[in-house]
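S.K.: Here is a sequence together with a model predicted from it:
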Amino acid sequence: MNYTLDATNESLGRLASRIAVLLRGKENPNYDPSKLPDVKVVVNNVNKIKITGNKLDQKIYYHYSGYPGGLKERKMRVMFENKPEWVLRQAVYRMLARNRLRSKIIKNLDIK
């Protein structure tokens, strides 16, 4: 199944939650948690997502290189201005179950 969503004036969390449910295949009558669903989700107008509250200035994304002093941090405002599709993909990825299928399921998300 293919779904096309428009992200214009949609809240980031609510949109990510809806995408996670669709990607997991829970909308299908033949849902099986152990199988990779045959679902594709396409999201348009990601740069027009509505981010509520003070998340743009307060939410921080961390990346650790593995070396001492290698903890990098960036605010959501910087990441959203440069790569809005990355912010949505991370929100959806972190809403999926932490199992072997998560990295395979997220590949079915196409953000434009």
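M.R.: Done, it's in. Residues are numbered from 1 along each chain as shown.
S.K.: What residues sit buried inside stretch 19-35?
M.R.: Residues I19, A20, L22, L23, R24, G25 are the ones in stretch 19-35 that count as buried (16 or more other C-beta atoms under 10 Å). Where C-beta positions appear, they are placed from N, C-alpha and C, glycine not excepted.
S.K.: Contacts only, for the residue nearest to R102 when sequence neighbours are not counted.
M.R.: The spatial neighbour of R102 that comes closest, neighbours along the chain excluded (C-beta to C-beta, 6 or more residues apart in numbering), is L96 at 4.6 Å. Applying C-beta atoms under 8 Å, 6 or more residues apart in numbering, we find L96 in contact with A20, L23, R24, R102, I105, I106.
S.K.: Return the member of those nearest to I51.
M.R.: A20 (17.6 Å; C-beta to C-beta).
S.K.: Does the closest one touch R94 like I think?
M.R.: No - assessed by C-beta atoms under 8 Å, A20 is found out of contact with R94, at 9.0 Å.
S.K.: What pLDDT is listed against the residue in the chain sticking out farthest from the centre?
M.R.: What lies farthest from the middle of the chain is P68; by C-alpha atoms, centre = their mean that is 29.3 Å. You'll see P68 listed with a pLDDT of 98.
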